[in-house]
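Structure of the sequence below:
(chains A and B)
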Amino acid sequence: MTRTLDLVDPGRTVLLVRIEESLTADFREQLAAYGIAAGRALEVVAQRPMTVVVCDHVELALETAIARALVVREPAPAA
Amino acid sequence: MESCASTTLAASGPGPARSTYVLVGAPNVGKSVVFHRLTGTYANVSNYPGTTVEVARAPLRFEAGATLLDTPGVLAFPSRSGDERAAMRALLVERPRALVQVADAKHLRRSLAITLTLAETGLPLVLALNMSDEAAARGVRLDLPALAQALGIDVVATVATLGEGVGRLVEAMPAARIPRAHVDYPSAVEAAIAAAAQRIAARLDRLPFAARGLAILFLARDPEVELWLASRDAGLARELAAARDAAEAGGERFAAAIARTRAEAAGTLAARTELAAPRPAESGAARLGRLTLHRLWGIPILLAVLYATYLVVGVFGAGTLVDLTEDRLFGGLVNPAVTAFVQAHAPWSWASDLIVGPYGLWTMGMTYAVALILPIVTTFFLVFGVLEDSGYFARLSVLANRGFAAMGMNGRAVLPMVLGLGCVTMATLTTRILATRRERLIATFLMALAIPCSAQLGVVLGMLAALGFGWTVAWAAVLVIVLVLAGALAARLIPGRRIALVTELPPLRWPVAGNVVKKTTGRLVWYLREVIPLFLLGTFLMWLMDRIGVLPWLIERGEPLVTGWLGLPKEAAAAFVMGFLRRDFGATGLFALGSVLSPAQTLVGMVTITLFVPCIASLMMIVKEQGARVAALIVGVIVPLAFAIGGLVRLALVALGAWT
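Here you go, the predicted structure:
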């Protein structure tokens, strides 16, 4: 089941499914430059005052409008 | 930006430059520290993304005749932000001997995406994987020989703040090699690249770098490459754009396909380089970093930081140190001696008056600059440097984001706004880190209006503190209300849209003493170079206006406004005339009237003078950054607004029965 990143509880790690088309090309390119691309794991650290995620050992703060455009899902449970 | 030779690329033009090395890299990876290590000069070093707002150039220590260029942070190419465009201009005009990419060892994928872009230029390259200590602390282990082999260039692990690995980097730079790494794009993209590269190579000579690299950037719509091509051959640029648009019609943009393919290639390369290692336990600094943004602890930590700042700058700097320098050193020793000497030796009375009179170059200009302002700005820049180097400012931008959103900006504006509390002139220059012209304009306007610099702040707080804490709070409250309302209004009136905040949070760390001292020294040197001549010029103008009768005339003309609308004694008009030269001059003028003014009059005077026009140096910087028309508009709005608000505060005090 998918949901947007702003709805993920802090402490959870999710996989990015896609970035909504509503986000401008500039933001999509910026996120790609930070390594945020489909299939990447994002560890949610906080949701207030902004969404804070860890991606590849780097902490990024995303405004809610951006987090709302990131569609994520829970990773498959380990076998 | 400060003590090093600094220039903008627009001014530098195409140089001879076969001996120029260019530093390139993402924001906040330590380029400026590497620059300092390699040149011995200081280019504003900090632990905050986007510190380098101008391009710094200095001679290399280890190679006679060679220079090093420090470019602003690049998140990715094609360039989008002002910083990225400046970096791309450097690649296009400098014809570098080699590029030195400084990269964050913790974030190899992102770093390698830039490496692969630079590889496409066909320029010799060295990769410095910096912050390798922080990477190791996070359990990141890298197979550097394998990475060097895959890229075909030297890869050096560095910890620039400690100087580790810099020796190996120095050895690698003169022997920099052209990378052999190559990204294979989808066939349709490759076909478009080949066609564009062929046209570029056939029509243009003396290319700044490989035609394939230019073609890729053009297809990805890099605005600087588009401009460069148009400047060399407008017809070719039109043909290439038409071919690009036709190929993109109905399909994916080349920019998206190029970025995706490059990111995948960087990911594959990073996966081959990163060695498996257990993830270490979270460090104390990481836990503290989390607490600074915690919904319960974030604000108390912010208040503690502000209180500590107040203790160092307000109590120690503006209190203890100023007491020592102004009263004891200058008031008790230096000024009496200088005055006696000048009066005894000056051949004419006007010359004596010019140097040691009421508007004397020494007794007013130098005394203000050295005895009053220097201790305050020194302590402010020291605290600012500590916060900057610790990584706290990035967190502050997140905490402040919502407040700045109301003013049409995002939290990134917190850096220039806080720096403005030290020096508005310097802060105006720093607005370049903001993404859009609209944000830069709003920030510049608000700083000119309602952010008092440390010199003015010292005088204002000194005066209000003597009246009691409540008057200080009232003054601060008026300023905050004006700031927010003016910001909200500016956000509505200035066309454009607000940019949402996406920012990296660098790890919190203990500030490195050497970095803080260098930063503080660099800023002080810059400040004194700017301020002392302007103080002397301002004092001279005051003296001249006083001698030829202009000052009394201006004071007389301004009297109805000052006495009628603001309710201040007529002598206060002189303070506002002085405020045209520097706001702190004006505040000091009111300070001199201290015993004459009631507490309510002091509040009105301080509010008005704080909101008054920025100093001459700030105004010159606004002209430089925003143009003369915008600067005139800002002054035209601020002057009546300052008096209007001052009068409204008086009316409010009258209504509250507090006007005496």
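
So what's the residue count around the residue of chain A at minimum distance from chain B?
Proximity of chain A to chain B (C-beta to the nearest C-beta) peaks at A:Ala33, 3.6 Å away. For every residue, glycine as well, the C-beta is placed using N, CA and C. Neighbourhood size, A:Ala33 [other C-beta atoms under 10 Å in any protein chain shown]: 24.

Check the secondary structure at the closest residue to it other than its chain neighbours for me.
Once flanking residues are discounted, A:Ala33 sits nearest to B:Ala76: 3.6 Å by C-beta to C-beta, 6 or more residues apart in numbering or on different chains. Three-state call for B:Ala76 (DSSP: H, G, I helix; E, B strand; the rest coil): coil.

ok now the helix or strand where B:Ala488 lies, how far from the chain's centre?
Taking DSSP states H and E as the definition, B:Ala488 sits inside helix B:469-493. Distance of helix B:469-493 from the chain centroid (C-alpha atoms, centre = their mean, to the nearest Å) equals 23 Å.

neighbouring contacts of it?
B:403, B:406-409, B:441-442, B:445-446, B:449-452, B:460-461, B:464-465, B:498, B:599, B:602-603, B:606-607, B:610-611, B:641, B:645, B:649 (C-beta atoms under 8 Å, 6 or more residues apart in numbering or on different chains).

Tell me which residues touch the residue of chain A closest to chain B, please.
Applying C-beta under 8 Å, 6+ apart, the residues near A:Ala33 are B:26, B:75-76, B:110, B:113, B:259.

which among the residues you listed gets closest to B:Glu388?
Closest approach to B:Glu388 among those (C-beta to C-beta): B:Ala26, at 17.8 Å.

Give the residue spans of chain A that score low on pLDDT.
Applying pLDDT under 70 to chain A picks out residues A:78-79.

which parts of the lengthiest helix in it are buried?
What stands out as the longest helix in chain A, according to DSSP state H, is helix A:25-33. Residues A:27-33 are the ones in helix A:25-33 that count as buried (16 or more other C-beta atoms under 10 Å in any protein chain shown).

same check, this time on stretch B:78-89
B:78-89.

ok so, going back, for burial, what's the neighbour tally of the residue nearest to A:Ala33?
22.

Check the spatially closest residue to B:Pro495 that is not a sequence neighbour and give its pLDDT.
Closest residue to B:Pro495 apart from its sequence neighbours, by C-beta to C-beta, 6+ apart: B:Arg438 at 7.3 Å. pLDDT recorded at B:Arg438 is 94.

same check, this time on B:Val460
Taking B:Val460 on its own, its pLDDT is 84.

Check B:Glu84 too.
For B:Glu84, the predicted pLDDT is 86.

how close does it sit to chain A?
Using C-beta to the nearest C-beta, to the nearest Å, we find B:Glu84 at a distance of 10 Å from chain A.

what about the one helix or strand that residue maps to, distance to the chain center?
Per DSSP H and E, B:Glu84 falls inside helix B:82-94. In terms of C-alpha atoms, centre = their mean, the centre of helix B:82-94 is found 18 Å from the chain centre.

Need the contact partners of the next helix or strand after the helix holding B:Ala488.
Going down the chain from helix B:469-493, the next helix or strand is strand B:502-505, by DSSP H and E. Residues outside strand B:502-505 that contact it (C-beta under 8 Å, 6+ apart): A:27, A:30-31, A:34, A:52, A:58-63, A:66, B:27-28, B:49, B:289, B:293, B:391, B:394-395, B:397-398, B:411-412.

ditto for stretch B:135-151
So stretch B:135-151 is contacted by A:57, B:104-106, B:108, B:115, B:119, B:125, B:127, B:129, B:132, B:154-155, B:157, B:179-181, B:269, B:272-280, B:283 (C-beta under 8 Å, 6+ apart).

tell me the mean pLDDT for it?
Across stretch B:135-151, the per-residue pLDDT values average to 88.

now do stretch B:184-200
96.

Now do stretch B:442-452: everything it contacts.
Stretch B:442-452 has contacts (C-beta under 8 Å, 6+ apart) with B:407-409, B:413, B:416-417, B:420-421, B:424, B:427-428, B:431, B:434, B:460, B:479, B:482-483, B:486-487, B:490-491, B:494, B:583, B:610-611, B:613-614, B:618, B:622, B:625-626, B:634-635, B:637-638, B:641-642.

now whatever helix or strand B:Leu441 lives in: how far from the chain's centre is it?
Per DSSP H and E, B:Leu441 falls inside helix B:437-450. Distance of helix B:437-450 from its chain centroid, counting by C-alpha atoms, centre = their mean, is 13 Å.

Which parts of chain A are strands?
A:2-4, A:13-19, A:41-46, A:51-55, A:58-62, A:70-73 (DSSP state E).

Out of those, the one nearest B:Arg95 is which?
So among those, strand A:58-62 is nearest, using C-beta to C-beta, at 33.2 Å.

so who does B:Arg212 touch?
Going by C-beta under 8 Å, 6+ apart, B:Arg212 touches B:120, B:122, B:193, B:197.

B:Met621 reaches B:Thr430, doesn't it?
No - the criterion here is C-beta atoms under 8 Å, and B:Met621 misses it with B:Thr430 at 10.2 Å.

Right, I'll call it a day here.
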